[in-house]
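Visitor: give me the fold of what follows.
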Amino acid sequence: MAEPASTLATGPAGRADTAGTAGTVGTVETQYLDLPKPVRLDCGRDLYPIRVAYETYGALSPRRDNVILVCHALSGDAHAAGFSKTPPEASTRDGFAAEARDGVAGKGLGWWDGMIGPGKAFDTDRFHVVSTNLLGGCRGTTGPSSIDSATGRPYGSDFPVITVADMVRTERAFLDALGIERLAAVTGGSLGGMQAFEWSILFPDQVDAVVAIASTHALHPQGVAWNAIARESIMGDPAWQGGHYYGTGYTPDAGMGVARMVGHITYLSAPAMSDRFGRRLQFADDIRYTITEPEFEVESYLRHQAGSFVRRFDANTYLYTSRALTYFDLARQHGGGSLARALAGISARTLLIAFSSDWLYPPSASREIEGALRALGKPVEFHVIEAPYGHDCFLLEEARQTPIIRRFLGEGGTSG
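Guide: Numbers count the residues shown, from 1 in each chain. Modelled structure (predicted):
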């Protein structure tokens, strides 16, 4: 039987060393696992070898029935919680208001640290949380910057085109290698939510619950268009060199920076940008009549975001991951054009959380999923949180998501 009707919420690697302060998983070190067999991809190719970067938090129960898989968004990685043993040059928490929120601690902090840990939304006193870097990544999992065993050189643009389903099949193979057959829940925001939906369709008997946040069953045309512009900016940079820039001494930083700027403004809302920046000038009391230098605070902020991002992320990974999320379309892939048919085989309980100001992954997309699941008699719960920060809300509004998720997971009956 379906859950109660939608509600509107309002209001303001490796194993972790848990000796840290209350509420944190402590210091963690990313681990790596090489899959024993090839993964068959939607494009028709078999990919091998594949290495997967991952971290785990909390203890695995004797029955191995308390595992939550955390799937990250486009620019994330395996380091989802705690403090990295080796802090990166630039943090994955480099989004809107990150510096004000995190202070000096942010550089080594996991990108979803507010959601994962003792007493948090994904409670590591109860659950064994697993986070991986997705297929095609550049933070430890095999991707375009990895060495192609057939040539001894980085794949570059010879890496096969991948889909969200390919990412999930890789995650399934990874969990098989760990001896984990079933998931108490699979969760993520944005592209991570897409992976969660894909899990529930591809492996319906192996997922108890889905927690999909600020996600969709298919990116709307405006989102597809913005992603196309971002990819064109990378490929139009002469330093991209057809995707084979590794080892040349040149990287498409200019194109990648523009791609990050484009992507970043799609994650925000107009009110949030107006409140944060207005039309305030950055360096002077009046305009300086310059074309090349930023005049306004918002321009300077975007340059800062671009500079930070190119230091930690690979341009080809951006291209491949962006393409995968634009290909994602549950109705086309699994339902012959019908979302209801695509979702008909799901057995997992589903929690959907969306944000009022998110125009890139709008609440209407989650509402369509809710409607299809409810019509099928599937257990589903949907919440819209009123918040002004756009798509980035799934990273910023952690405190308001936490009670919703804790109650939902508490109803599942899984014990640690």
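Visitor: for the residue most central in space within the chain, what are phi and psi?
Guide: What sits nearest the mean C-alpha location of the chain, by C-alpha atoms, centre = their mean, is Ala73, with 1.4 Å. Backbone torsions of Ala73, given as degrees, to the nearest 10, read phi -80, psi -170.
Visitor: the closest residue to it other than its chain neighbours - how many residues pack around it?
Guide: Nearest residue to Ala73, sequence neighbours excluded (C-beta to C-beta, 6 or more residues apart in numbering): Ser190, at 3.9 Å. In this view, the C-beta of every residue, glycine as well, is placed from N, C-alpha and C. Counted with other C-beta atoms under 10 Å, the neighbours of Ser190 add up to 28.
Visitor: residue contacts, Ser190?
Guide: Ala73, Leu74, Ile213, Ala214, Ser215, Tyr361, His391, Phe394 (C-beta atoms under 8 Å, 6 or more residues apart in numbering).
Visitor: that older thread, now do the contacts for the residue nearest to the centre of the chain.
Guide: Counting by C-beta under 8 Å, 6+ apart, Ala73 makes contact with Gly188, Gly189, Ser190, Leu191, Gly192.
Visitor: next step: these restricted to strands.
Guide: Among these, the residues falling in strands (DSSP state E) are Gly188, Gly189.
Visitor: which one of the contacts of Ala73 is nearest to Leu319?
Guide: Leu191 (14.1 Å; C-beta to C-beta).
Visitor: was I right about that closest one contacting Val164?
Guide: Yes: look at Leu191 against Val164 with C-beta atoms under 8 Å: they come within range, at 7.3 Å.
Visitor: intersection of neighbour lists for the two?
Guide: Residues touching both Leu191 and Val164 (C-beta under 8 Å, 6+ apart) are Ala324, Leu325.
Visitor: dump the contacts of Ser190 to CSV, plus distance to Ile353, secondary structure and pLDDT.
Guide: As requested, the contacts of Ser190 are exported to CSV (distance: C-beta to C-beta, whole Å; DSSP: H, G, I helix; E, B strand; the rest coil; pLDDT from 0 to 100):
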residue, distance to Ile353, secondary structure, pLDDT
Ala73, 14, coil, 96
Leu74, 19, coil, 96
Ile213, 5, strand, 98
Ala214, 7, coil, 98
Ser215, 9, coil, 98
Tyr361, 11, coil, 97
His391, 12, helix, 95
Phe394, 8, helix, 94
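Visitor: list the contacts for the closest residue to Met115 other than its chain neighbours?
Guide: Leaving aside its sequence neighbours, Met115 sits nearest to Ala121 (C-beta to C-beta, 6+ apart; 4.5 Å). Ala121 makes contact with Met115, Glu398, Gln401, Thr402, Ile405, Arg406, according to C-beta under 8 Å, 6+ apart.
Visitor: for the second one, give its distance to Tyr318.
Guide: When C-beta to C-beta, to the nearest Å is applied, the distance between Glu398 and Tyr318 equals 25 Å.
Visitor: which one of the two has more residues nearby?
Guide: Neighbours around Glu398 and Tyr318, counted as other C-beta under 10 Å, are more numerous at Tyr318. The numbers are 28 against 18.
Visitor: residue ranges of the strands in the stretch 301-416 of the chain, please?
Guide: Remark: strands assigned in the stretch 301-416 of the chain by DSSP state E, counting those that start in this stretch are 349-355, 380-385.
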